[in-house]
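Visitor: Build me a model:
(one chain, ligands or ions: 1)
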Amino acid sequence: MSFSLMDRDASSLPGQVPGEAEPEAGNAQFTKSSILRDYRIAFRSRQASLLGRREVFTGKAKFGIFGDGKEIAQVALARAFRRGDFRSGYYRDQTLMFALGLLTLEQFFAQLYAHPDVELEPCSAGRSMTAHFATCMLNPDGSFKELSEMVNSSADLSPTGSQMPRLVGLAYASRLYRELPELAGMSRFSKNGEEVAFGTIGNASCAEGMFWEAVNAVGVLKSPMLLSIWDDGYGISVPNEHQITKSDLSAVLSGFQRAPGSREGYDLYAVKGWDYPALCETYLNAVQIVRREHVPAIVHVIEVTQPQGHSTSGSHERYKSKERLAWEAEFDGLRKMREWMIAQGIAEAAELDALEKEDAQLVRDCQQRAWEAFRNPIEEERKTVLALTAELAREAAHGEEVEKVRRELERNAIPLRRDVMATIQAALVATCGEELPAARRLIDWKRQQDVLNEDRYSSDLYSTTPESALNVRAVPPVYADDAPLINGFEVLNAFFDSALRRMPNLIAMGEDVGKIGDVNQGFAGLQAKYGPLRVADTGIRETTIIGQAIGMALRGLRPIAEIQYLDYILYALQILSDDLASLRYRTKGQQKAPVIVRTRGHRLEGIWHAGSEMAGIIHLVRGIYVCVPRNMTQAAGFYNTLLQSDDPGIVVEVLNGYRLKERLPANIAEVAVPLGVPELLREGSDVTVVTYGACCRIAMEAAERLAEVGIETEVIDVQTLLPFDRHGRILESLKKTNRILFLDEDVPGGTSAYMMREVLERQGGYVWLDSEPRTLSGKEHRPAYGSDGDYWSKPNRETVFEAVYEIMHEADPASYPIFYQ
Ligand SMILES: Cc1ncc(C[n+]2csc(CCOP(=O)(O)OP(=O)(O)O)c2C)c(N)n1
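Guide: Prediction:
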């Protein structure tokens, strides 16, 4: 192999000096020093786990979950990595991260303390609980780094098994980079698809549906994934007999095993978690085939121990037998590796004793440094507030009240920022009504801290880079005099064709997207034109369609992932919410996955084709933009806006719009609709109706009828739900009409209530109201089937008419008598 870790002496092991450990990997050479190095990383990692647990029990950290018991397997696994590779794993992988040089001991402890400084806690800036690992993949301007030159870790999640869906895309990207000639220039992301996506998962998490869906998908996609299962026999307290058929993952997985000579299926391995040479041999053999042949592999690591139990929340003595505990002590990986090294003459006991002593001290020093780095800024803030409140106490009429809260802060042994803030408020309340210079200084200081704390704890939900979707310039459609009037789906088709031509890294995928060009023909004919990898059919597997897209987008591709109908997005909502929506936030802007999710909804019929459950979506995917275009030209404009940005987005097309006629804009390739800018569909002076999607047409029809009885309705299409009316255009309308109806086909209190809150509370619209604000939505139940079922389940022209009319009746009963009851 071209680069090796063996020459680095022990003093430069990761964990010693922050930032010192450059990610180098791929050491297949077994020298004494490289083996000793592996042992020392494993030993230090164990010490970090032991110390970490103590830090929780002494109250310095809130929760601990550690990688003890997995150390030996992970130093062996690290040898299989090369630059450009990706990890998608979970909270047991600290040793792997140390061994790859992707995490130092200080950084490990910084995360334990939830240090919000991204320089010192580079995995998540204190946003994820301990042992949720990630690497920085973006430059300060938000562009991708040279990922093919680095070892990369996608950002971990807590929900068990959630690392699996994106692993599909991380692996599949290598295949696309190898097989699509148009991607040859993208060496920042790949060198000929040589990169392996390494997954890790616990045995019990393999009982999750996502695991099986992902394993099946990778097998179908023939992609270079190497998955390790750390099998310690339990999922917290529940043993394998309650988790896995036959209590044995290897047995259940055996159907995935490929036949000799075949490219279909997996290579499967089983190896003991304490057997260092066998682990090294297994990984180095396995990875060669995965990398070279793109045949995926699963390494089932058995006989794994968990010396400290699951986490700091409980003790494993409660559920493990004495015999099991005794076995775990005997088959502890560190102990076994130590015995093996001595037996092989690699090291002597005394030499190892000395190194262990030195390393244990080193870990304590790193922990201490991390603790001080975490505490010092907060201590400084406390000092400042103690000084400012001392001045306030001197100036105040009732200084003793201020002094009391001040002393409480002084006495607090380990104050946090929230304690400092609570002191400020209590001191200001105590001096309320007095005009004191010290109070002003305290308020000014707090304001500065508010800005810093906003950045520490709430920044980077969406992109704030130059590529933010909010920066994309609007390009309105331009129509030639003889613009053809065509079906809505043909407008989309023309746009997708232009986008596929323009962007070689654009990949469209989903159920029925390939051969037939999706169930409504938006991609019709485009697979034939761009090939089966650019416009691709997938299996029926919504969760991993989204996961696949996330992994691909992390590696520089631009997927448009289709969920065939809006109702089926529920299958993928967990991964959209937990992974995609939180990705930028949970890495404080160090990772991005600009996935576009395409789906169709609104005005469908029937219980599982309602197409209207928008509130369930918008409340769970903050971090993803949600566009609800009323026609296909608008939809194309949203796709174009999102494709020019580095934000993820969901576009909900109107199902019954595919066969409605639209004029084809001459500039369909360039049309871009800005996000968060509502469109005024009809002017009116009496009532504002705020709606979106398919309800726009219904609102317009009702407005026609209302005009006949002298009511002028202003109809506004919000166009995007996230973001919502960024410039307060709806408020401008409300200022004119002073009456408002929020209309949609979601459940009562769903998206209509969300829109109402946006306008009345966030925009301050309540002060402009002359009438009670109203919402009109669908019924609480899913819609009944058939046109009459739809009519009585969702708003229609007549109910919109009545809702608006009743608002006018309330204001002026004489002019607008109720004539229909
Ligand atoms: C979806 C979900 N359900 C439950 C949990 C709570 N939980 C956290 S870890 C865990 C057990 C996981 O066991 P396993 O996959 O064997 O991994 P191990 O912790 O043993 O390494 C459970 C149930 C969770 N995090 N996510």
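
Visitor: Test my guess that Pro484 contacts Glu662.
Guide: No: using Cβ atoms under 8 Å as the test, Pro484 is too far from Glu662 to be in contact (9.6 Å). For the C-beta atoms, the positions are set from N, CA and C on the backbone; glycine is no exception.

Visitor: between those two, who's got more neighbours?
Guide: More crowded of Pro484 and Glu662, by other Cβ atoms under 10 Å: Glu662, with 22 against 12.

Visitor: show me the contacts for the more buried one.
Guide: Neighbouring residues of Glu662 by Cβ atoms under 8 Å, 6 or more residues apart in numbering: 485-488, 491, 631-633.

Visitor: quick one: which of these sit in helices?
Guide: 488, 491, 632-633 (DSSP state H).

Visitor: centre of the chain versus stretch 148-164, how much separation?
Guide: 10 Å (Cα atoms, centre = their mean, to the nearest Å).

Visitor: what about it, average pLDDT?
Guide: Mean pLDDT, stretch 148-164: 98.

Visitor: close to the ligand, is that stretch?
Guide: Yes: contact of stretch 148-164 with the ligand (Cβ under 6 Å from any ligand atom) involves 158-160.

Visitor: most surrounded residue in the residues you listed?
Guide: Sorting the residues of stretch 148-164 next to the ligand by how many neighbours each has (other Cβ under 10 Å) puts Thr160 first, at 19 neighbours.

Visitor: what's the residue of the stretch 401-550 of the chain at minimum distance from the ligand in contact with, if anything?
Guide: Using Cβ to the nearest ligand atom, Thr543 is the residue of the stretch 401-550 of the chain that sits closest to the ligand, at 12.5 Å. Thr543 sits next to 165, 209-210, 213, 571-572, 574-575 when contact means Cβ under 8 Å, 6+ apart.

Visitor: Arg188: neighbour count?
Guide: 15.

Visitor: can the contacts of Glu662 go into a markdown table with extra columns for neighbour count, distance to the ligand and pLDDT?
Guide: As requested, the contacts of Glu662 are exported to a markdown table (neighbours: other Cβ atoms under 10 Å; distance: Cβ to the nearest ligand atom, whole Å; pLDDT from 0 to 100):
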| residue | neighbour count | distance to the ligand | pLDDT |
| --- | --- | --- | --- |
| Leu485 | 8 | 50 | 98 |
| Ile486 | 15 | 46 | 98 |
| Asn487 | 17 | 43 | 98 |
| Gly488 | 23 | 39 | 98 |
| Val491 | 28 | 41 | 98 |
| Asn631 | 21 | 39 | 97 |
| Met632 | 28 | 38 | 98 |
| Thr633 | 23 | 41 | 98 |
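
Visitor: for those, which one is nearest Leu279?
Guide: Closest approach to Leu279 among these (Cβ to Cβ): Met632, at 54.6 Å.

Visitor: Nearest spatial neighbour of the closest one, chain-adjacent residues omitted?
Guide: Gly488 (3.8 Å; Cβ to Cβ, 6 or more residues apart in numbering).

Visitor: Contacts made by stretch 317-332 with the rest, please.
Guide: 69, 234, 237, 274, 303, 305-307, 309, 316, 335.

Visitor: With stretch 42-59 instead?
Guide: So stretch 42-59 is contacted by 13, 15, 61-64, 66-68, 71-72, 74-75, 94-95, 98, 105, 108-109, 112-113, 130, 307-308, 312, 333-334, 337, 355-356, 359-360, 362-364, 366-367, 371, 414 (Cβ under 8 Å, 6+ apart).

Visitor: Just the pLDDT for the residue of the stretch 401-550 of the chain closest to the ligand.
Guide: pLDDT, Thr543: 98.

Visitor: Helix, strand, or coil at it?
Guide: helix (DSSP: H, G, I helix; E, B strand; the rest coil).

Visitor: Identify those among the contacts of Thr543 that sit within helices.
Guide: Using DSSP H, the contacts of Thr543 in helices are 165, 209-210, 213, 571-572, 574-575.

Visitor: Let's see if you can find the most crowded of those residues.
Guide: Most neighbours among those, by other Cβ under 10 Å: Pro165, with 32 neighbours.

Visitor: my read: that one touches Ala549, true?
Guide: No: between Pro165 and Ala549 there is no contact under Cβ under 8 Å: 9.1 Å.

Visitor: So for the closest residue to the ligand within the stretch 301-450 of the chain, what's the pLDDT?
Guide: Closest residue of the stretch 301-450 of the chain to the ligand, Cβ to the nearest ligand atom: His310 (5.7 Å). pLDDT for His310: 96.

Visitor: Go ahead and confirm it touches Phe63.
Guide: No: at 11.5 Å, His310 does not count as touching Phe63 under the criterion of Cβ under 8 Å.

Visitor: So for stretch 400-415, what gets flagged as buried?
Guide: Buried residues in stretch 400-415, counted by 16 or more other Cβ atoms under 10 Å: 401-403, 405-406, 409-410, 415.

Visitor: From these, which land in helices?
Guide: If you go by DSSP H, the buried residues of stretch 400-415 have 401-403, 405-406, 409-410 in helices.

Visitor: which SS state does Phe198 fall under?
Guide: Phe198 carries the three-state label strand when classified by three-state DSSP.

Visitor: no no, Gln591
Guide: Local secondary structure at Gln591 is given as coil here, using three-state DSSP.

Visitor: and it, how many residues sit next to it?
Guide: 21.

Visitor: Spit out the contact partners of it.
Guide: By Cβ under 8 Å, 6+ apart, the contact list for Gln591 reads 134, 136-138, 154-155, 554, 583-584.

Visitor: so can I have TSV of these showing distance to Glu195?
Guide: Converted to TSV, these look like this (distance: Cβ to Cβ, whole Å):
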residue	distance to Glu195
Ala134	17
Cys136	18
Met137	13
Leu138	18
Ser154	13
Ala155	18
Leu554	12
Leu583	20
Arg584	23
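
Visitor: any idea which of these is the one closest to Asp686?
Guide: Closest to Asp686, out of all of these and judged by Cβ to Cβ, is Arg584, at 42.7 Å.

Visitor: I figured Phe801 hits Arg705, correct?
Guide: Yes: using Cβ under 8 Å, Phe801 is in contact with Arg705, at 5.2 Å.

Visitor: the more surrounded of these two?
Guide: Neighbours per residue (other Cβ under 10 Å) separate Phe801 from Arg705, with Phe801 holding more: 22 against 16.

Visitor: And the helix or strand harbouring that one, what does it pack against?
Guide: Phe801 is part of helix 797-811, with elements assigned from DSSP states H and E. Packing partners of helix 797-811 (3 or more Cβ pairs under 8 Å, 6 or more residues apart in numbering; DSSP states H and E): strand 687-691, helix 695-708, strand 740-743, strand 774-776.

Visitor: at 6 Å instead, please
Guide: Counting contacts by 3 or more Cβ pairs under 6 Å, 6 or more residues apart in numbering; DSSP states H and E, helix 797-811 packs against helix 695-708.

Visitor: Could you identify the helix or strand that succeeds the helix it packs on?
Guide: Next helix or strand after helix 695-708 toward the C-terminus (DSSP H and E): strand 713-717.

Visitor: From Leu734, how far out is the nearest residue to Gly765 once chain neighbours are set aside?
Guide: With Cβ to Cβ, 6+ apart as the criterion, Gly765 has its nearest non-adjacent residue at 4.4 Å, and that residue is Val759. Here Val759 is placed at a distance of 7 Å from Leu734 (Cβ to Cβ, to the nearest Å).

Visitor: from the contacts of Thr543, which are also near the ligand?
Guide: Okay, of the contacts of Thr543, nothing touches the ligand (Cβ under 6 Å from any ligand atom).

Visitor: Run through the strands of the stretch 451-600 of the chain in chain order.
Guide: With DSSP state E, counting those that start in this stretch as the criterion, the stretch 451-600 of the chain has strands at 485-487, 506-510, 535-537, 558-563, 596-601.
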